[in-house]
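Trainee: Pasting the sequence and the predicted coordinates here, then a few questions.
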Amino acid sequence: MQPIVQASDVRKHFDTHCVLDGVSLAALEGQLISLIGPAGCGKSTLLRCLNGLDVPDSGTIEIDGVTWARAAGGRAPAPEVAHELRRTVAMVFQGDSLFPHRTLLQNVMMAPMMVLGVSRDEAAMGAELLLRKVGLFAEMDRYPAHLSAGQQQRGAIARALAMSPKVMLYDEPTSALDGGMAQEVLDTIALLKDDGLTQIIATHELGFARAASDSVMFMQNGAVVETAPGDAMFRAPQDVRVQRFFQLFA
Ligand SMILES: Nc1ncnc2c1ncn2[C@@H]1O[C@H](COP(=O)(O)OP(=O)(O)OP(=O)(O)O)[C@@H](O)[C@H]1O
Ligand SMILES: [Mg+2]
């Protein structure tokens with residue numbers, strides 16, 4: 001099977017600082033991949049390169065058959081490629097915020113209506129289904145200020161899903177949340193995996209990475225140190241840098 005996401009030898013500098021030092025990643029359709037590793041190792045930058053927020057200095061990124069960065073030399077993707085990318089890939093951030101003056105339902109309806117030209121009725125139907133999926137059907141008419149942080153984060157996931165992305169990227173989606181709320185968000189991500197969505201998540205939630213991922217990638221200093229299936233990585237890490245990290249954090 002051809003990977004739906006394939007990054008090859010991606011390099012990225014900020015000034016003289018090498019942040020991604022030849023990173024490669026492949027995700028098959030429906031896989032959940034966790035990116036783990038110490039603070040500053042390049043997880044967020046890699047995700048940002050995958051969805052076009054950052055442009056690699058070199059390397060290729062191919063998502064669902066569209067190659068958007070080919071030795072791009074710092075150039076942003078061409079407008080038509082950027083458009084394609086936004087349809088294919090969605091990203092949810094830590095503490096992602098919903099539009100405060102719109103209800104949850106309106107938040108989820110907005111992009112399909114404005115970007116895809118979907119009718120109001122159709123957008124509402126789609127949004128209700130998504131809110132049911134993330135466990136927020138009963139909250140659909142509330143404003144973000146009246147939702148818990150965890151509910152807001154699940155609302156942000158529903159809003160991203162409303163564009164029917166083929167790939168979801170998450171950057172520390174639970175790190176602003178305490179235990180129970182973090183678990184609800186992680187349960188939602190696991191549920192979406194059961195639906196066959198391809199997902200890549202940068203996370204410090206090692207228990208989740210172990211239990212839910214098809215593959216875990218450990219990064220350090222902008223490079224991939226080790227990639228292994230979730231359980232194998234934690235049971236028997238091969239690289240001494242991964243072993244040390246787990247001694248401290250797992
Ligand atoms: N826009 C930028 N300009 C300069 N340096 C940056 C920029 N963005 C990130 N960096 C640097 O790149 C390195 C990698 O950062 P990145 O945010 O990708 O790491 P991370 O693995 O996501 O860390 P964390 O676990 O803390 O979220 C860090 O040293 C960071 O300071
Ligand atoms: Mg980060």
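Mentor: Arrived safely, thanks for sending. Ligands and ions are numbered 1, 2, ... in the order given.
Trainee: how many neighbours does the residue lying closest to Val115 once chain neighbours are set aside have?
Mentor: Leaving out its chain neighbours, the residue that sits closest to Val115 by C-beta to C-beta, 6 or more residues apart in numbering is Met163, at 7.0 Å. No exception for glycine: its C-beta is placed from N, CA and C like everyone else's. Look at Met163: counted by other C-beta atoms under 10 Å, it has 15 neighbours.
Trainee: Arg102: neighbour count?
Mentor: Count around Arg102 with other C-beta under 10 Å applied: 14.
Trainee: what's the answer for the one 4 residues further on, then?
Mentor: Burial measure for Gln106: 18 neighbouring residues, criterion other C-beta under 10 Å.
Trainee: Just name the shakiest helix or strand of this structure by mean pLDDT.
Mentor: When each helix and strand of the chain is scored by mean pLDDT, DSSP states H and E, strand 66-70 comes last, with a mean of 72.
Trainee: Which of the helices or strands spans the residue nearest the centre of the chain?
Mentor: Residue closest to the average C-alpha location in the chain (C-alpha atoms, centre = their mean): Leu169, at 1.4 Å. Under the criterion of DSSP states H and E, Leu169 resides in strand 167-171.
Trainee: How about Ile61?
Mentor: strand 58-63.
Trainee: got the angle between that strand and strand 167-171?
Mentor: If you take axes from the mean of the first three to the mean of the last three C-alpha atoms, to 10 degrees, strand 58-63 sits at 120 degrees to strand 167-171.
Trainee: Please report the distance of Thr198 from Pro173.
Mentor: Distance, Thr198 to Pro173, by C-beta to C-beta, to the nearest Å: 16 Å.
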